[in-house]
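Q: from the sequence below, what's the structure:
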Amino acid sequence: MPVLRSLRGVQRLAAVLLHGVHGLLIVLLRFPSLNADGRQQRVRWWSAGMLRRLGITLHLQGRFKPGAKLLVANHVSWLDILVVHAVCPEARFVSKAEVRQWPLVGRLVAAGNTLYLARERKRDALRVVHQAAEALQAGDTVAVFPEGTTGPGGTLLPFHANLLQAAIASGCAVQPLALRYADRQQPFSAAAQWLGDTTLAQTLWRLATADVLQVHLQVLPARGSRHADRRRLAETLAGDIAAVLDAARPVA
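A: Below is the predicted model:
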């Protein structure tokens, strides 16, 4: 079985590499001549295709609110962005600035109109809040991970409220998303985790060799943000997402 699993992993990684190069060519050669809808269609196609090549099945529950909104999701893996883009390609994520320097991935992430945050600069969060508020006022969908970093999947890290100010300032709705990766043995699979010093290559190998990996994305009802207290709003959104994760735990 280990040999078969390794062979499957090599085959999947080869397909992932080819699909990544294909995506880069689309960005470089096709994006300049496409309008926003055309680009979003290709973002959706490419993201869903990457999940398939990794052997991951996506299960979607719920509906996205039309129009401008701030999406708030728990953060498990770098895959989270692809999962959301496979069903909501218009989402503009707030991402750490160093992602721009990643080979291949950085160029693909930039193609999604990503907003970059330099986390080592305390004042940069204020700049990104203003930028996100302007995007929301223009009718865009912006997506954030309030935990600020990836967690273990089954439990949430504390939510940071700063970026929620963008929705409050623009009066846009906030829609929570609950992400969960599961495999044949566990409702919260370790294969997708990206914790500590784990490298991108290591997570890719775990994903490629995983057995029947699924990702569950539950889109929860949107909440109003006008005149909201951002810390209380963060607590409410964390509670919404935590309730979904708790419901997936096996009863002891």
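Q: surely Tyr116 meets Val99?
A: Yes. Using CB atoms under 8 Å, Tyr116 makes contact with Val99 at a distance of 7.4 Å. Heads up, the C-betas are built off the backbone N, CA and C, glycines and all.
Q: for Leu179, what is the enclosing helix or strand?
A: Assigned by DSSP states H and E, Leu179 falls within strand 173-182.
Q: with only the CA atoms kept, save that strand in CSV.
A: Provided in CSV are the C-alpha atoms of strand 173-182 (Å, rounded to 0.1, in the frame of the first residue of the first chain):
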residue,chain,number,x,y,z
ALA,A,173,-22.7,42.6,5.0
VAL,A,174,-20.3,40.1,6.5
GLN,A,175,-20.7,36.4,5.5
PRO,A,176,-19.0,33.7,7.5
LEU,A,177,-17.6,30.5,5.8
ALA,A,178,-16.8,27.3,7.6
LEU,A,179,-14.0,25.2,6.0
ARG,A,180,-13.4,21.6,7.0
TYR,A,181,-11.1,19.0,5.4
ALA,A,182,-12.0,15.3,6.1
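Q: any idea how far that strand is from the middle of the chain?
A: Relative to its parent chain, strand 173-182 has a centroid offset of 9 Å by CA atoms, centre = their mean, to the nearest Å.
Q: so which elements touch that strand?
A: strand 69-73, helix 79-85, strand 214-219, helix 230-247 (3 or more CB pairs under 8 Å, 6 or more residues apart in numbering; DSSP states H and E).
Q: residues touching the closest residue to Gln131 other than its chain neighbours, list them.
A: Using CB to CB, 6 or more residues apart in numbering and skipping residues adjacent in sequence, the residue nearest Gln131 is Leu115, 5.6 Å away. Contacts for Leu115 (CB atoms under 8 Å, 6 or more residues apart in numbering) come out as Arg92, Phe93, Val94, Ser95, Val128, Gln131, Ala132, Ala135, Val142.
Q: mean neighbour count, the helices and strands packed on strand 173-182: which tops it?
A: strand 69-73 (a mean of 26; mean count of other CB atoms under 10 Å).
Q: got the buried residues for the helix ranked longest in the chain?
A: As assigned by DSSP state H, the longest helix anywhere in the chain is helix 2-25. Residues Gly9, Arg12, Leu13, Ala15, Val16, His19, Gly20, Gly23, Leu24 are the ones in helix 2-25 that count as buried (16 or more other CB atoms under 10 Å).
Q: now tabulate the helices and strands packed on strand 173-182 in TSV and tack on mean pLDDT and distance to Pro152.
A: Formatted as TSV, these follow (pLDDT from 0 to 100; distance: least, CB to CB, whole Å):
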stretch	mean pLDDT	distance to Pro152
strand 69-73	98	15
helix 79-85	95	14
strand 214-219	98	15
helix 230-247	96	11
